[in-house]
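*Asks:* Predicted model and sequence below, questions to follow.
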Amino acid sequence: MSVYAFSVLGLDREVLAPVARELADAHGATVVLYPEPDYGNFGIVVNPPGVSKWSGIDAYCTLNGIESQEVAAVGDGLNDLEMLRQAGVGIGVRGGAAKSWKWPIS
């Protein structure tokens, strides 16, 4: 069975940061480390290379003859940036995840 995403929630940043770095550096995963509002502490969201919210939208659009400029996307975090950039209209939610970190940190 393929894994397209997973999350780990509610741990200290010091615990999750090395895991996020390893997944990004050694495995090419896209990893977002962020303060977790519901479970406390921090969380990570992990996607394998080439898998993102936009890749799912793009596959749906291809199957249904929809052009990317016809898509309006709404997002509130760093894991939404690719989707917002690729969509014809990208809408960022006020108060979104301003304190997220995407690996690698520049």
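*Replies:* All right, it came through fine.
*Asks:* any idea how this structure splits into domains?
*Replies:* 1-51, 52-97 (automatic domain parsing).
*Asks:* Do you have the helices of this protein handy? List them.
*Replies:* Shown for the chain, the helices assigned by DSSP state H span residues 13-27, 53-64, 81-86.
*Asks:* For the domains of the chain, give me a markdown table that also has mean pLDDT.
*Replies:* Rendered in a markdown table, the data for these read as follows (pLDDT from 0 to 100):
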| stretch | mean pLDDT |
| --- | --- |
| domain 1-51 | 90 |
| domain 52-97 | 90 |
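*Asks:* Now mean neighbour count too, for those domains, in TSV please.
*Replies:* Any C-beta I mention is one placed from the backbone N, CA and C, and that applies to glycine too. As requested, the domains of the chain are exported to TSV (neighbours: other Cβ atoms under 10 Å):
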stretch	mean neighbour count
domain 1-51	15
domain 52-97	15
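*Asks:* if we can go back for a sec, as CSV, the helices of the chain with distance to residue 44 would be great.
*Replies:* Converted to CSV, the helices of the chain look like this (distance: least, Cβ to Cβ, whole Å):
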stretch, distance to residue 44
helix 13-27, 5
helix 53-64, 16
helix 81-86, 16
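*Asks:* For residue 73, find the nearest of the ones you listed.
*Replies:* helix 81-86 (4.8 Å; Cβ to Cβ).
*Asks:* and that closest one, how far out from the chain's middle?
*Replies:* Put simply, helix 81-86 sits 10 Å off its chain's centre (Cα atoms, centre = their mean, to the nearest Å).
*Asks:* ditto for stretch 22-36
*Replies:* Relative to the chain's own centre, stretch 22-36 is displaced by 10 Å; criterion: Cα atoms, centre = their mean.
*Asks:* Okay, the residue nearest to the spatial centre of the chain and residue 17: tell me how far apart.
*Replies:* Averaging the C-alpha coordinates of the chain gives a centre point, and the residue nearest to it by Cα atoms, centre = their mean is residue 79 (2.3 Å). Applying Cβ to Cβ, to the nearest Å, one obtains 17 Å for the distance of residue 79 from residue 17.
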